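Enquirer: Sequence unavailable; structure follows:
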């Protein structure tokens, strides 16, 4: 007997037939004696329909009213799922974010959860009811409806699990876990049985399809074990990835150096060459970029060719690339730089693993493996459990496959 | 400067373009200095879509969850209308039934309003905001979402007007008022400028297309002046019907005997002939009918042909006709009656008017006019301000036109 919070995303509840399947899955857990709180998203496509309606009226829509509108999507799903359970003879109650007192700040469209009153849910759980809660939404101190931003349903589930001190928070989606890398690139990619919060956060670009990063941060903060499962697997399938805190014993055991290889095709690289080197040059370059609300990912500063100048390189999202280019072209003149160069045909590849901490030489092994395939590295960035390199985008598949095999992540290497 | 409650039905807010038109209409009232509380229905078609979803899951759906589901329809409209006003620079706030504390009993799907806390609306009105409230929905004492049943948005509007002591409750729909009869039957039908609550209630079958009868009862009880207008008329149009209490001066003035002629094609007539006459025979016949949840409208009992028996006739909705027939056929044997006869090719025609009270001879004038056209009357029922007759349905148009003209309701007769 455990208390489990389950979350089903939009695809898992995309049709009434799928909602019936979700009800059957919940019943299996109930029959096994577990207490269940279930968080659901809007049926897939519904949120986009509501956004289209809003934009026909007003673009951008009034933030407060946009939340009143969007929150209806999840409200439809909770009602339908509760009906499906009740019609099967299982007691269930649906609640909006407001009804279950998910208190947030008043930042409409991107509200943060401040507090959850778990008393309502406890009463229902004690009475043997399945509690079904609308994801993605809450209520502020004045009673206004708020939403947590897209993908906020994962955060709702983790927050409810934390508030209820649940044994596990299960995130049902259309894949059965987190993989060593994208199986569409590397056929030998394996599902990971277990991964730490830290690794999951670094594997963001792999995990983003599976889990909202904000939810992982939340789970890490409150130490809520998160499990990713597929709602399309047969109920009872053992396929899943558990995301949890690093345990003492994990360190003692021999463990994989690398958990996974992530990549990101969405970045572009910009370089300002031959900038007269002086204190504050980084700020002078990145200040105007930040002012334009452009987020910068990797940053590298090198000595320039003539020792009195510096070369400054950074990456931004490709959506921001045209605007960032313009800013850099202006900076060439104002900073007296030699020239600005640009490259949006790049890809960032990252190896992630907590095992990296205790093993030297991972970086050099990575660089060597890439060099042997003739892949030139354009940028490097490292953190305690991650090494990222930027390479020409044409090498993406080759580089990922090379590293996946080099670091023994391939399925056959393990079995 | 008045406080006006306006209600826009599903057709009036059926598309985002129509919602923009409603916003423009509201703005004209705001610019004229009025305070406004606006009640809206779900966009036309939306409620039916939600019902279809529910039935795919569970038929009948769990009442509590059905309300959670259906209430989203109006919530979408309030958000869109508030956005439309805000984008035009007019301050507006949307509220669900729960947010504005429309307290109801817990009778899901057909809840009754118990109380409304007008403090929330007052604060917004004082701050110069248009208050937009979801019709059709409320919240019970435990915080469960309830709905008032179909057409409940009219009731919401009247209840808000009563709670706020509004000067007028305007019901916008797709017709510009209440007519002397159905203009599709009588081309000369006129829009009534004013009508009493009592008359409106008796004209139910005409008014049902325009106003929910429950809302009229509510308005009558709390003496809220109701005005029916078309949301498709040019803003500023004077076309409307005011429904209000009968005033002293109305009685003094010479007024029309008849306000309108209603008709109902939905009834069927059943007769038990030659029932041995004894005390309690009416109960013995209508008891089994009531037990089958069949509502009876008109009832007539006559002495039978041989003086020891009685003929008993009543009408029911045509939907209930087959079941009622079956019951009567059984009663022939159990009560020892001569025979049961049936007729579902009938129509009920009703003349309504408060002027009837002080004028004798209306009934005989009515019967004579019908007789002159060779129309045989099959049943008669009267109330203080109404006379209803049942005739063969083939005479519907002829009978209505004859009476409309006989009692000077035709447009040319007035002008």
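Expert: That came in fine, so what should we check first? Keep in mind the model is a prediction, meaning the values are calculated, not measured. Residues are numbered from 1 along each chain as shown, chains lettered A, B, ... in the order given.
Enquirer: Tell me the spatial nearest neighbour of residue A:165, not counting adjacent residues.
Expert: Distance criterion CB to CB, 6 or more residues apart in numbering or on different chains; nearest residue to residue A:165, sequence neighbours excluded, is residue A:3 at 7.6 Å. For every residue, glycine as well, the C-beta is placed using N, CA and C.
Enquirer: For the one you found, list each beta-bridge partner.
Expert: residue A:35 (DSSP bridges).
Enquirer: That one reaches residue A:170, doesn't it?
Expert: No - between residue A:3 and residue A:170 there is no contact under CB atoms under 8 Å: 11.6 Å.
Enquirer: Looking at these two, which is more packed in?
Expert: residue A:170 (23 against 17; other CB atoms under 10 Å in any protein chain shown).
Enquirer: helix/strand/coil for the more buried one?
Expert: Three-state call for residue A:170 (DSSP: H, G, I helix; E, B strand; the rest coil): strand.
Enquirer: Would you pull up the residue in the stretch 301-415 of chain A closest to chain B?
Expert: residue A:319 (25.9 Å; CB to the nearest CB).
Enquirer: and that residue, what does it touch?
Expert: Residues in contact with residue A:319 (CB atoms under 8 Å, 6 or more residues apart in numbering or on different chains) are residue A:266.
Enquirer: next one: residue A:225
Expert: A:167-169, A:219, A:242-244.
Enquirer: which of those sit farthest apart?
Expert: A:167 and A:243 (14.4 Å; CB to CB).
Enquirer: The two: which has the busier surroundings?
Expert: Remark: of residue A:167 and residue A:243, residue A:243 carries more neighbours, 31 against 15, as counted by other CB under 10 Å.
Enquirer: okay but the more buried one is in contact with residue A:217, surely?
Expert: No - judged on CB under 8 Å, residue A:243 makes no contact with residue A:217 at a distance of 11.5 Å.
Enquirer: Can you tell me the closest non-neighbouring residue to the residue lying farthest from the centre of chain A?
Expert: Within chain A, residue A:306 marks the point farthest from the mean C-alpha position, 42.8 Å out by CA atoms, centre = their mean. Of all residues not flanking residue A:306 in the chain, residue A:274 sits nearest, at 7.5 Å (CB to CB, 6+ apart).
Enquirer: strands paired with the helix or strand harbouring that neighbour, and their directions?
Expert: Element membership for residue A:274 (DSSP states H and E) is strand A:267-276. If you go by DSSP bridges, strand A:267-276 pairs up with strand A:309-317 (antiparallel), strand A:339-343 (antiparallel).
Enquirer: just checking, residue A:111 touches residue A:102?
Expert: No - using CB under 8 Å, residue A:111 is not in contact with residue A:102; the gap is 9.4 Å.
Enquirer: so what's the closest residue in space to residue A:181 that isn't next to it in sequence up against?
Expert: Once flanking residues are discounted, residue A:181 sits nearest to residue A:261: 4.3 Å by CB to CB, 6+ apart. Going by CB under 8 Å, 6+ apart, residue A:261 touches A:180-181, A:349-352, A:400, A:403-404, A:407, A:409.
Enquirer: same thing with residue A:63?
Expert: Residues near residue A:63 by CB under 8 Å, 6+ apart: A:108-109.
Enquirer: for it, phi and psi?
Expert: phi -50, psi -50 (degrees, to the nearest 10).
Enquirer: Quick check, pLDDT for it.
Expert: Residue A:63 carries a pLDDT value of 97.
Enquirer: Next: the one 4 residues further on.
Expert: Residue A:67 carries a pLDDT score of 97 in this model.
Enquirer: Let me know the helix or strand that it is in.
Expert: helix A:63-87.
Enquirer: Could you figure out how far that helix is turned away from helix B:63-87?
Expert: Between helix A:63-87 and helix B:63-87, the angle comes out at 170 degrees (axes from the mean of the first three to the mean of the last three CA atoms, to 10 degrees).
Enquirer: count of residues packed around residue A:172?
Expert: Counted with other CB under 10 Å, residue A:172 comes out at 26.
Enquirer: Skipping adjacent residues, who's closest to it in space?
Expert: residue A:231 (3.9 Å).
Enquirer: Double-check that neighbour against residue A:21; I have them as touching.
Expert: Yes - between residue A:231 and residue A:21 there is a contact under CB under 8 Å: 7.3 Å.
Enquirer: out of the two, which sits in the busier spot?
Expert: residue A:231 (22 against 17).
Enquirer: May I have the predicted confidence score for the more buried one?
Expert: At residue A:231, pLDDT is 89.
Enquirer: Just the strands from the stretch 251-400 of chain A, written as ranges.
Expert: Taking DSSP state E, counting those that start in this stretch as the criterion, the stretch 251-400 of chain A carries its strands at A:260-264, A:267-276, A:296-303, A:309-317, A:339-343, A:346-352, A:377-383, A:386-392.
Enquirer: Domain parsing of chain A, as residue ranges.
Expert: A:3-245, A:250-415 (automatic domain parsing).
Enquirer: Out of those, which one sits most buried?
Expert: Stretch with highest mean neighbour count among the domains of chain A: domain A:3-245 (a mean of 21; mean count of other CB atoms under 10 Å in any protein chain shown).
Enquirer: how long is that domain from one end to the other?
Expert: Domain A:3-245 has an end-to-end distance of 19 Å (CA to CA, to the nearest Å).
Enquirer: Could you do stretch A:210-226 as well?
Expert: End-to-end distance (CA to CA), stretch A:210-226: 12 Å.
Enquirer: ok, now stretch A:139-153?
Expert: 14 Å.
Enquirer: same deal with stretch A:121-130?
Expert: End residues of stretch A:121-130 are separated by 9 Å (CA to CA).
Enquirer: Also stretch A:84-92?
Expert: For stretch A:84-92, the end-to-end distance is 9 Å (CA to CA).
Enquirer: Stretch A:93-100 too?
Expert: Stretch A:93-100: ends 11 Å apart by CA to CA.
Enquirer: Test of understanding: give the bridge partners of residue A:138.
Expert: residue A:146.
Enquirer: Could you list which residues are in contact with the residue nearest to residue A:214 when sequence neighbours are not counted?
Expert: Counting by CB to CB, 6+ apart, residue A:155 is the residue found nearest to residue A:214 once chain neighbours are left out, at 5.4 Å. Residues in contact with residue A:155, defined by CB under 8 Å, 6+ apart, are A:113, A:148, A:212, A:214-215, A:218.
Enquirer: for residue A:141, same thing?
Expert: Here residue A:141 is in contact with A:103, A:106 (CB under 8 Å, 6+ apart).
Enquirer: In terms of pLDDT, where does it sit?
Expert: Reported pLDDT for residue A:141: 96.
Enquirer: So, low pLDDT: which residues of the stretch 201-350 of chain A?
Expert: A:205-208, A:248-256 (pLDDT under 70).
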